[in-house]
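Undergrad: Starting from these lines, generate the structure:
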Amino acid sequence: MRGGLPRLRVGRRDLVGLPVAGFCAAYRRSEYAPSLREPWFKEQTAPAAQPRRCTSRRRFKITIRRPRGMKVRKVKVTLDGRRIRVVRGKRMRALIDLRGRPPGKAIVRIRLTGTRRGKPTTAKRTRVFRTCAAKRAATATGLP
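TA: Below you'll find the model as predicted:
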């Protein structure tokens, strides 16, 4: 006995057929080890890698066309109910940002208020953009 600790002697016969990692010969045949084939610790398995969810990476400008014969006074563009800023000038444009959106449909509503033949009128347009949609197969002519 050196250093005050007893030595534990284990023969080759005691270790045959048992996995080495996670076992101590002192606990093999006691009530502490419920089964000789069961290690002390549960091996921690890494959580299964979640498949990467598709999120949109699209950010683009749309051009809002003026209806024929209409003098536009006011333009309102909404993306799923949220107001989008419209830049006016030679063309009316709105920046549509779909980045980070989950798969599904993004509905853009355009409302133009103005006059036609001197009378107040409203024109409504709706555009639907699908995020994470599968690519459409090209037809024989190459047009969608």
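Undergrad: going forward, measure contacts between C-alpha atoms and count neighbours the same way
TA: OK.
Undergrad: distance of the nearest residue to residue 102 once chain neighbours are set aside from residue 80?
TA: When the adjacent residues along the chain are set aside, residue 102 lies closest to residue 55, with 5.0 Å between them (Cα to Cα, 6 or more residues apart in numbering). In this structure, residue 55 lies at 17 Å from residue 80, with Cα to Cα, to the nearest Å as the measure.
Undergrad: circling back: now the residue nearest to residue 102: phi and psi?
TA: Summarising the backbone geometry of residue 55 under the convention degrees, to the nearest 10, its torsions are phi -130, psi 140.
Undergrad: Test my guess that it contacts residue 130.
TA: No. The pair residue 55 and residue 130 fails to qualify as a contact (Cα atoms under 8 Å) at a distance of 11.2 Å.
Undergrad: Overlap of the contact sets of the two?
TA: Jointly contacting residue 55 and residue 130 under the rule Cα atoms under 8 Å, 6 or more residues apart in numbering are residue 103.
Undergrad: how near is the residue nearest to residue 102 to residue 106?
TA: 13 Å.
Undergrad: Over to residue 63?
TA: Residue 63 sits 17 Å away from residue 106, going by Cα to Cα.
Undergrad: Identify the contacts common to residue 55 and residue 106.
TA: Contact criterion Cα under 8 Å, 6+ apart; residues bridging residue 55 and residue 106 by contacting each: residue 131.
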